[in-house]
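Student: turn this into a model:
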Amino acid sequence: MAHQCQYFVLYYLPTATGAARIPLAVVLIDSVKRDYSMRFIKNWDRVKLLDRDADVEVIRGICRDVEERIQHEDADEFIRVMEESFSNSICVSDRAAVYAGDDAHQTINELVKQLGMDN
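Tutor: The predicted structure follows:
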């Protein structure tokens, strides 16, 4: 049965103005099932195209750390801390609502496509 979930996006912003940004990951929060799913950008070279000085391995490490923490810690608390403290090169979007069916993987894959993270 379809139910409302929330999602947010981790963006890379090479400049403080945020004039250009690239989505790095999307996190789907299914509070009904108490499940958190995360998908990463497929082509990390896009980060280098936006910012040739970017340290892609460090950025990937931060994203992997976020994924690890939302799977194994108090995810709600960690997400709240991220929303309040991430503000430099990596920022967290506002949460948005999305309807998800029984398959959260399908929902998050659709979000990945909408955000252009699948190419």
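Student: confirm that E68 sits in a strand.
Tutor: No. Assigned with DSSP: H, G, I helix; E, B strand; the rest coil, E68 falls outside any strand and is helix.
Student: so how far is N88 from it?
Tutor: 21 Å (C-beta to C-beta, to the nearest Å). Every C-beta, even on glycine, is put in place using the N, C-alpha and C of the backbone.
Student: who's more crowded, these two?
Tutor: Legend: neighbour count by other C-beta atoms under 10 Å for E68 and N88, higher for E68 (11 against 8).
Student: any idea which helix or strand in the chain has the lowest mean pLDDT?
Tutor: Among the helices and strands of the chain, helix 75-85 carries the lowest confidence by mean pLDDT, DSSP states H and E, at a mean of 81.
Student: C-terminal to that one, what's the next element?
Tutor: Proceeding N to C from helix 75-85, the next assigned helix or strand is strand 90-92, under DSSP states H and E.
Student: can you give me the mean pLDDT across stretch 96-108?
Tutor: Mean pLDDT, stretch 96-108: 86.
Student: neighbouring contacts of it?
Tutor: 1-8, 26, 28, 30, 33, 35, 37-39, 111 (C-beta atoms under 8 Å, 6 or more residues apart in numbering).
Student: check which residues of that stretch are buried.
Tutor: V98, A100, A104, T107, I108 (16 or more other C-beta atoms under 10 Å).
Student: what do you get for stretch 5-24?
Tutor: For stretch 5-24, by 16+ other C-beta under 10 Å, it's 5-14, 21-24.
Student: nearest to D118 among those residues?
Tutor: Sorting the buried residues of stretch 5-24 by distance to D118 puts P23 at the head of the list, at 10.6 Å, by C-beta to C-beta.
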